[in-house]
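**Student:** what shape does this take:
(one chain, ligands or ions: 1)
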Amino acid sequence: MAELSAYLESRRVSFDVFGINQRAALVSLMKFTPDNMRLSLGGFYKIGQVLCSLETAKLKQREVEVLDQTGFFGFLPEKVNWGISMYGEQELTVEEVEYLRDYFHQRLRRAGAIKGKYRFAKRPQDEASPEVMSADIAKKQTVDILVAVIDSRCYLGLTEIVSDHEGFRRRDLGRPVQKPVISIPPKLARILVNLSGVKPGEILLDPFCGIGTILQEGLMAGADICGVDLMGEMVEATRRNLQWLSEEFRVKATGLTEKVIQGDARSLHHYFPEEAIDAVATEPILLPPLKDFVPAKKADLLLVKPEEIYEQALRSISIVLKNGGRVALVAPFVRTRPRGLKSFDIRRLASQAGLRDYIPRALPKMKWPLFPKMTGQEKVVRGIFVFAKS
Ligand SMILES: C[S@@+](CC[C@H](N)C(=O)[O-])C[C@H]1O[C@@H](n2cnc3c(N)ncnc32)[C@H](O)[C@@H]1O
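**Tutor:** Residues are numbered from 1 along each chain as shown. Reported below is the predicted structural model:
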């Protein structure tokens with residue numbers, strides 16, 4: 001939601017958010033541009049339009065006939081593979097979900113789609129939360145009935161667009177230089193780019209660019225990019241990856257030699273004029289890979305040097321950033337034994353550098369950091385922060 005809000009704000013598309021649960025959001029948009037959104041957003045799986053809704057209580061009383069009158073079934077070709085995906089289903093019991101599925105099955109038969117196959121959820125352990133995987137929708141041409149339960153109402157629609165999984169995958173595994181241990185997943189890189197608020201034609205800087213994943217996504221978003229890395233090897237890797245990207249995805253990447261610089265993120269004003277940069281998106285991290293969870297004291301020690309670098313880099317970023325420009329960055333959180341999470345006070349460092357929290361319009365009460373979904377096994381976790389220069 002933070003990404004979507006930042007994306008729509010920067011494109012001046014007016015929108016309202018009617019409700020959010022853990023897995024779905026209900027948004028009304030003045031302008032729906034499915035193709036752009038499919039290619040531009042890193043943090044979503046599916047988007048569909050709401051076709052009808054009913055009170056959850058009605059479903060609980062098995063009174064769903066109201067759906068008969070909504071024209072919901074008019075869309076179907078004769079033969080269709082179909083499935084149901086439930087989001088926010090914890091308000092419903094397994095029986096209620098099954099009832100809804102059977103209802104659709106019968107209605108689809110009556111609508112003439114009898115030859116179609118029902119695609120069962122891939123995860124049978126989640127009986128109450130069937131989900132058609134978004135990658136399958138594209139591959140296997142499946143009509144996906146979306147059900148989102150938000151604030152005691154069930155909203156129903158059909159998936160219209162799914163994330164560009166293939167494009168993100170190619171930009172990760174198809175590029176000439178890959179370093180999975182240090183690089184950020186392209187989808188997360190795109191989320192940072194969108195959170196940075198950079199618009200097409202504006203300058204996006206990644207001062208710890210590594211092999212250039214964030215810059216790749218910046219280029220895809222139409223930004224003019226600049227990168228800095230301390231190591232010549234990384235600078236070369238970024239140039240090669242960006243050159244490859246420009247040919248593979250037909251985006252313009254001219255002057256890479258001048259735009260990807262070997263240098264120190266703590267002295268950006270040596271390479272760029274003051275207030276020359278529109279937005280920054282970066283993942284410095286700077287911790288060695290950890291084999292195990294560490295005690296809190298060890299985590300504090302590990303974080304001393306990174307804190308110093310973040311502090312100096314934030315000051316330097318603030319000098320070259322335009323007023324009102326934003327910095328979307330990842331900071332490290334070390335998982336400690338027995339069950340803790342340690343980092344340094346990055347908001348204080350940002351504030352000392354003249355950067356304050358950016359709050360997306362759709363989420364007035366949100367607090368940074370946001371944590372991407374975790375497996376539980378990570379020893380160091382990414383925390384996402386977004387600051388604006390005031
Ligand atoms: C976590 S990696 C970034 C990876 C990048 N996001 C990607 O996907 O390829 C951090 C990078 O910062 C670079 N680095 C470390 N200290 C630096 C400094 N003071 N100035 C600039 N770059 C630095 C390292 O060489 C490394 O390539």
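**Student:** can we go C-alpha only for contacts and neighbour counts from here?
**Tutor:** Noted.
**Student:** would you list every one of the helices in the stretch 251-390 of the chain?
**Tutor:** 256-259, 296-320, 346-352 (DSSP state H, counting those that start in this stretch).
**Student:** and the last one, what other elements does it pack with?
**Tutor:** Going back to what we said before, that points to helix 346-352. The contact analysis (3 or more C-alpha pairs under 8 Å, 6 or more residues apart in numbering; DSSP states H and E) places helix 346-352 against helix 296-320, strand 355-357.
**Student:** output that helix in PDB, but only the C-alpha positions, please.
**Tutor:** The C-alpha atoms that make up helix 346-352 are tabulated as PDB, following Å, rounded to 0.1, in the frame of the first residue of the first chain:
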ATOM      1  CA  ILE A 346      18.200   5.500  11.700                       C
ATOM      2  CA  ARG A 347      15.400   8.000  12.100                       C
ATOM      3  CA  ARG A 348      17.600  10.000  14.500                       C
ATOM      4  CA  LEU A 349      20.500   9.900  12.000                       C
ATOM      5  CA  ALA A 350      18.100  11.000   9.200                       C
ATOM      6  CA  SER A 351      16.700  13.800  11.300                       C
ATOM      7  CA  GLN A 352      20.300  15.100  12.000                       C
END
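**Student:** next one: it to chain centre, how far?
**Tutor:** Between the centre of helix 346-352 and the centre of its chain there are 24 Å (C-alpha atoms, centre = their mean, to the nearest Å).
**Student:** quick one: mean pLDDT over it.
**Tutor:** Averaging pLDDT along helix 346-352 gives 98.
**Student:** stretch 277-295 too?
**Tutor:** Averaged across stretch 277-295, pLDDT comes to 93.
**Student:** list the buried residues for that stretch?
**Tutor:** Across stretch 277-295, burial judged by 16 or more other C-alpha atoms under 10 Å covers 277-286, 293-295.
**Student:** what about that stretch and the ligand, touching?
**Tutor:** Yes. Applying C-alpha under 6 Å from any ligand atom, one finds stretch 277-295 touching the ligand at 283, 284, 285.
**Student:** got the contact list for the second one?
**Tutor:** Pointing back at residue 284 there. Neighbour list for residue 284: 208, 310, 329, 330, 331 [criterion: C-alpha atoms under 8 Å, 6 or more residues apart in numbering].
**Student:** report the central residue of this structure.
**Tutor:** residue 43 (2.4 Å; C-alpha atoms, centre = their mean).
**Student:** picking that back up, give me the subset of the contacts of residue 284 touching the ligand.
**Tutor:** residue 208.
**Student:** I'd like the contacts of residue 284 laid out as TSV, including neighbour count and pLDDT.
**Tutor:** Formatted as TSV, the contacts of residue 284 follow (neighbours: other C-alpha atoms under 10 Å; pLDDT from 0 to 100):
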residue	neighbour count	pLDDT
208	25	98
310	21	98
329	24	97
330	22	98
331	24	97
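**Student:** just curious, which of the contacts of residue 284 is nearest to the ligand?
**Tutor:** When the contacts of residue 284 are compared for distance to the ligand (C-alpha to the nearest ligand atom), residue 208 wins out at 3.9 Å.
**Student:** any stretches of the protein with poor pLDDT?
**Tutor:** 70-72, 74-79, 89, 112-128 (pLDDT under 70).
**Student:** can you report how many residues neighbour the residue lying closest to residue 272 once chain neighbours are set aside?
**Tutor:** Residue nearest to residue 272 in three dimensions, not counting chain neighbours: residue 320, with 6.4 Å by C-alpha to C-alpha, 6 or more residues apart in numbering. Neighbour count for residue 320, taken as other C-alpha atoms under 10 Å: 24.
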